[in-house]
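Trainee: here is a sequence together with a model predicted from it:
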Amino acid sequence: MSKLANRPDWADDEEFDDPTALPAPTITTNKDGTKTSISYSFNDAGKKVKTTRRIRTTVVRETVNPRVAERRAWAKFGLEKGHGAGPSFDTTSVGENIIFRPSVTWKKDGKEEKPEKDSVKAQLKDKKVKCRICDGEHFTARCPFKDTMAPMGEDGVGAAGGAGGADGGDEEDPKVGGLGSGGGGYVPPHLRKGAAASGERMGGKYERDDLATLRVTNVSEFAEENDLRDIFSRFGHVTRVFLAKDRDSGRAKGFAFISYADRANAAKACEKLDGYGYGHLILRVEFAKRAT
Amino acid sequence: MRPILLQGHERPLTQIKYTKDGDILFSTAKDQIICAWFSANGERLGTYHGHQGALWTVDIDPTTTLLASGAADNTVRLWDVRTGKCVKVLELNTAVKRVEFSEDGTQLLAVTEKRMGFLGTIVVFDIKIDVDAEQSSEPAMTITCDESKATVAGWSYLSKYIIAGHEDGSVSQYDGKSGELLDNYPAHEDGMPVTDLQWSPDRTYFITSSKDKTAKVISARNLEVLKTYVTDTPLNTATITPKKDFVILGGGQAAIDVTTTSSRQGKFEARFYHRIFEDEIGRVKGHFGPLNTIAVDPQGRGYASGGEDGYVRVHHFDKGYFDFMYEVEKEQARG
């Protein structure tokens, strides 16, 4: 058994005979006129690599001015003396692509661009630094009332849940604003003043037009989408009815969204149906708020 | 189009010239060597050594046998294009600002600077287009510009006239045989030097550029201004494109002000104007300094520009360039 183990397997014989031997490269001509060349080599790690190339030969005939062709073969001289054919990298490089499209309106196009830039500049010129807390001409962070006052118009955001009475009265009695819960507390970016308007929402094209969407709450749990559709389509074309349902029981969760094609219809429906008795409950209808 | 950048010079470029077949281009800069490049791939064929001063100008004879160059060392040199050997040194009194072969290559003019008590002159030499021939050292003709020195000059069709652009913005017409002043016309604003003069393919008209921010196409026969191209920057160079009816202008803020301006404000772009309608139709960016020289391939395939930044940029036009036509041109082509 040990003798056998020392002996190489007869199946591997060929390879073990001469590990550096490579099969001869072959070139075969295919039916479609291409050639397949197979060659073998060793890569850096010493492994045998088989390279298969399919080669299509295309003959491009070009007529060259004989004078130019002759000059092409001239030997190099001066600083280039002795250098081989082809551009050398220290003198010749390729620049970035330039898109050059001549156009009759070139000048006009150029002019349109400029005023835009100027207008941005002009806008910024008149802009002054304005404190969000006291309206003074300094950065909010530098405001002397920073620790004692909430930013203007934002009083309710943080304080409402806290001390209860912290609406608007902050200026007279800063302490009511509540340490921690008031203006000094952390306000997540999306809740900050102006964030909803300026921030760009994700999910671009899936964003619905919320302008004509009503939120209906206090809906009976036995309600059906079709019933709601019947009720609401009295006021105009309803594009979408969404009734939130419990996944397990299949019963309504108690709220729904109704989208109209037209905002005017939505407004009318909102006005008429708010307080409308449906099932055993009284509906509450309001315009849906943009999801934040 | 993808420009090819040639970095063979260490100083600002002064002139670029293509051979008649457009396969090789020659560039001179203030660093005393001339470079020869294959325009197709930007490969450098070689360099010509021998000048002892800043090179101002270069020209190639129509058969691509002899190369002429003029430099601040007061010499014009003739070179064997193929080997890079200097075959003749022509000594002059002052620096040479411009050389140009006549249409047939048998005559060479050189514009000399007004300096050291010498007036500006245009000197004409007879040339034998043969590398081994003995060239005459004596000028065949000397034209002295006593009013305002010539900055640029060239031969018209059939060597009939010598046209010169002057430092005061005027353009003169001299007889090609006798050197007699036939006409002088103030083409550009007074006191604004003519910076470049290049010919149409048939040499019946030429384009001049000037520091007065305009370029003009002028007829060689009667110095009539045919077209005017108005820009917003001092111009250093102008050229006429064959095949398409365009002109290419180059310039920018004077080199001395360059460091105080951004590349956009400096307006370091090659500007394309329609030769007939005089409208600006496009610009090509790329240089970091003013464009000192633009040359166009006589076969109309591309152009090369050389800047104060020491780079040569070789451009090969693409389809959009050749396809561009005005509506009226399209109609004409259809009819």
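Mentor: Yep, it's here.

Trainee: give the contact list for B:Gly8.
Mentor: A:Thr91, B:Ser27, B:Ile33, B:Cys35, B:Trp37, B:Arg44, B:Thr47, B:Val312 (C-beta atoms under 8 Å, 6 or more residues apart in numbering or on different chains). All C-beta spots, glycine's among them, are computed from the backbone N, C-alpha and C.

Trainee: please verify my assumption that the last one contacts B:Ala304.
Mentor: Pointing back at B:Val312 there. Yes: counting by C-beta atoms under 8 Å, B:Val312 does reach B:Ala304; the two are 5.8 Å apart.

Trainee: what sits in contact with each of those two?
Mentor: Where contact means C-beta under 8 Å, 6+ apart, the residues bridging B:Val312 and B:Ala304 through contact with each are B:Ile16, B:Leu25, B:Ser27.

Trainee: could those be laid out in a markdown table, adding pLDDT and secondary structure?
Mentor: Formatted as a markdown table, the shared contacts of B:Val312 and B:Ala304 follow (pLDDT from 0 to 100; DSSP: H, G, I helix; E, B strand; the rest coil):
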| residue | pLDDT | secondary structure |
| --- | --- | --- |
| B:Ile16 | 94 | strand |
| B:Leu25 | 93 | strand |
| B:Ser27 | 94 | strand |
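
Trainee: and the residue of the stretch 1-150 of chain A found nearest chain B, backbone torsions?
Mentor: In the stretch 1-150 of chain A, the residue found nearest to chain B is A:Gly78; the distance is 3.2 Å by C-beta to the nearest C-beta. Comment: the main-chain dihedrals of A:Gly78 come out as phi 60, psi -140, following degrees, to the nearest 10.

Trainee: what about stretch B:119-132, start to end distance?
Mentor: When the termini of stretch B:119-132 are compared using C-alpha to C-alpha, to the nearest Å, they are 33 Å apart.

Trainee: could you single out the nearest of the shared contacts of B:Val312 and B:Ala304 to chain A?
Mentor: When the shared contacts of B:Val312 and B:Ala304 are compared for distance to chain A (C-beta to the nearest C-beta), B:Ser27 wins out at 11.1 Å.

Trainee: just checking, that closest one touches B:Gly42?
Mentor: No: counting by C-beta under 8 Å, B:Gly42 is not a contact partner of B:Ser27; they are 11.4 Å apart.

Trainee: neighbour count winner among the two?
Mentor: With other C-beta atoms under 10 Å in any protein chain shown as the criterion, B:Ser27 and B:Gly42 differ in neighbour count, and B:Ser27 comes out ahead with 27 against 24.

Trainee: okay, that one and B:Ile248: tell me how far apart.
Mentor: 16 Å (C-beta to C-beta, to the nearest Å).

Trainee: and B:Arg77, by the same measure?
Mentor: According to C-beta to C-beta, B:Arg77 and B:Ile248 sit 28 Å apart.

Trainee: for the closest residue to B:Gly302 other than its chain neighbours, what are its contacts?
Mentor: Distances taken as C-beta to C-beta, 6 or more residues apart in numbering or on different chains place B:His316 nearest to B:Gly302, at 4.0 Å, with adjacent residues excluded. The contact partners of B:His316, by C-beta under 8 Å, 6+ apart, come to B:Met1, B:Arg2, B:Arg301, B:Gly302.

Trainee: who wins on neighbours among the residues you listed?
Mentor: When neighbours are counted by other C-beta under 10 Å, B:Gly302 leads those with 23 neighbours.

Trainee: report the mean per-residue pLDDT for stretch B:96-115.
Mentor: For stretch B:96-115, mean pLDDT rounds to 92.

Trainee: so which bits of that stretch are buried?
Mentor: Neighbour counts over stretch B:96-115 (16 or more other C-beta atoms under 10 Å in any protein chain shown) mark B:96-103, B:105, B:107-114 as buried.

Trainee: stretch B:38-46: how far from the chain's middle?
Mentor: 20 Å (C-alpha atoms, centre = their mean, to the nearest Å).

Trainee: buried residues in that stretch?
Mentor: When neighbours are counted by 16+ other C-beta under 10 Å, the buried residues of stretch B:38-46 are found to be B:Phe38, B:Ser39, B:Ala40, B:Gly42, B:Glu43, B:Arg44, B:Leu45, B:Gly46.

Trainee: just send these back as CSV, with pLDDT, distance to chain A and secondary structure too.
Mentor: Below are the buried residues of stretch B:38-46 laid out as CSV (pLDDT from 0 to 100; distance: C-beta to the nearest C-beta, whole Å; DSSP: H, G, I helix; E, B strand; the rest coil):
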residue, pLDDT, distance to chain A, secondary structure
B:Phe38, 92, 7, strand
B:Ser39, 90, 10, coil
B:Ala40, 89, 9, coil
B:Gly42, 89, 4, coil
B:Glu43, 90, 4, coil
B:Arg44, 91, 5, strand
B:Leu45, 91, 6, strand
B:Gly46, 91, 4, strand
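
Trainee: just give the nearest non-adjacent residue to the residue of chain B found nearest chain A, would you?
Mentor: Each residue of chain B has a distance to chain A, by C-beta to the nearest C-beta, and the smallest belongs to B:Thr47, at 3.2 Å. Closest residue in space to B:Thr47, ignoring its immediate chain neighbours: A:Gly78 at 3.2 Å, by C-beta to C-beta, 6+ apart.

Trainee: check contacts around that neighbour.
Mentor: Residues B:Ile33, B:Gly46, B:Thr47, B:Tyr48, B:His49, B:Gly84 are the ones in contact with A:Gly78 under the rule C-beta under 8 Å, 6+ apart.

Trainee: which among these gets closest to B:Leu291?
Mentor: Nearest to B:Leu291 among these is B:Ile33, at 20.5 Å by C-beta to C-beta.

Trainee: ranges for the helices of the chain?
Mentor: As the question left the chain open, I've gone with chain A. Using DSSP state H, the helices of chain A run over residues A:2-6, A:13-17, A:66-72, A:106-126, A:155-159, A:195-198, A:225-232, A:263-273.

Trainee: let's do chain B instead
Mentor: Assigned by DSSP H, the helices in chain B fall at B:319-323, B:327-334.
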